[in-house]
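J.: Provided below for reference: sequence and predicted model.
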Amino acid sequence: MVVRFIKNAILPIKEFTLITERQHQSFLQEHNKKFYYELKDLSQTLLDHCDTLQASLESSTNLLFSIQSHKMNQVMKTLTVVSTIFIPLTFIAGIYGMNFENMPELGWQYGYYGVWGIIFIIFIGMLIFFKRKNWF
């Protein structure tokens with residue numbers, strides 16, 4: 001924003017020097033021409049610096065957005081892993097929370113521990129799977 005303001009302030013000076021040079025104005029005295037040409041060169045140099053600075057600022061802004069996007073992707077990956085691990089466990093808990101009487105494992109002596117064993121095996125299996133995929 002500030003760079004654009006500075007550039008807009010310098011552009012009329014450059015345009016004035018170009019118009020004056022093309023029209024060979026008589027009010028430009030010979031001993032002042034060196035100052036005129038220095039003003040012309042300085043305005044062009046400043047405009048070039050403004051363009052370079054503006055490109056650098058745009059590049060820095062893009063880098064910042066890229067870093068923020070990368071961090072957001074890491075957070076989303078972590079949330080995906082956690083939800084993927086807990087979805088099947090929630091499904092199993094939901095089935096056994098329905099209070100059906102005709103579930104054969106409810107009558108088994110070690111049915112409760114068997115369900116916990118299955119839940120634990122699924123949990124460890126998914127952790128190993130995601131660890132091998134280098135997701136966390």
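T.: Structure received.
J.: contacts, neighbours, all on C-alpha from now
T.: Noted.
J.: So which residues of the chain form helices?
T.: Shown for the chain, the helices assigned by DSSP state H span residues 2-23, 33-96, 104-107, 111-132.
J.: what packs against the lowest-mean-pLDDT helix or strand in the chain?
T.: Of all helical and strand segments in the chain, the minimum by mean pLDDT, DSSP states H and E falls on helix 104-107, at a mean of 76. Where contact means 3 or more Cα pairs under 8 Å, 6 or more residues apart in numbering; DSSP states H and E, helix 104-107 is packed against helix 111-132.
J.: Now for Glu30, how many residues are close by?
T.: Glu30: 10 surrounding residues under other Cα atoms under 10 Å.
J.: Quick check: it vs Thr20, distance?
T.: Going from Glu30 to Thr20 by Cα to Cα, to the nearest Å gives 14 Å.
J.: cool, Gln44 as well?
T.: Gln44 is 15 Å from Thr20, by Cα to Cα.
J.: And Leu42, by the same measure?
T.: Relative to Thr20, Leu42 is positioned 16 Å away (Cα to Cα).
J.: so where is this structure shaky, pLDDT-wise?
T.: Within the chain, the ranges that satisfy pLDDT under 70 run 24-28.
J.: 90 - rerun?
T.: 1-4, 11, 13-40, 78, 92-115, 130-131, 133-136 (pLDDT under 90).
J.: Tell me how many other residues surround the nearest residue to Leu18 once chain neighbours are set aside.
T.: With Cα to Cα, 6 or more residues apart in numbering as the criterion, Leu18 has its nearest non-adjacent residue at 7.9 Å, and that residue is Lys40. Counted by other Cα under 10 Å, the residues lying close to Lys40 total 19.
J.: List the contacts of Lys40.
T.: Residues in contact with Lys40, defined by Cα atoms under 8 Å, 6 or more residues apart in numbering, are 13-14, 17-18.
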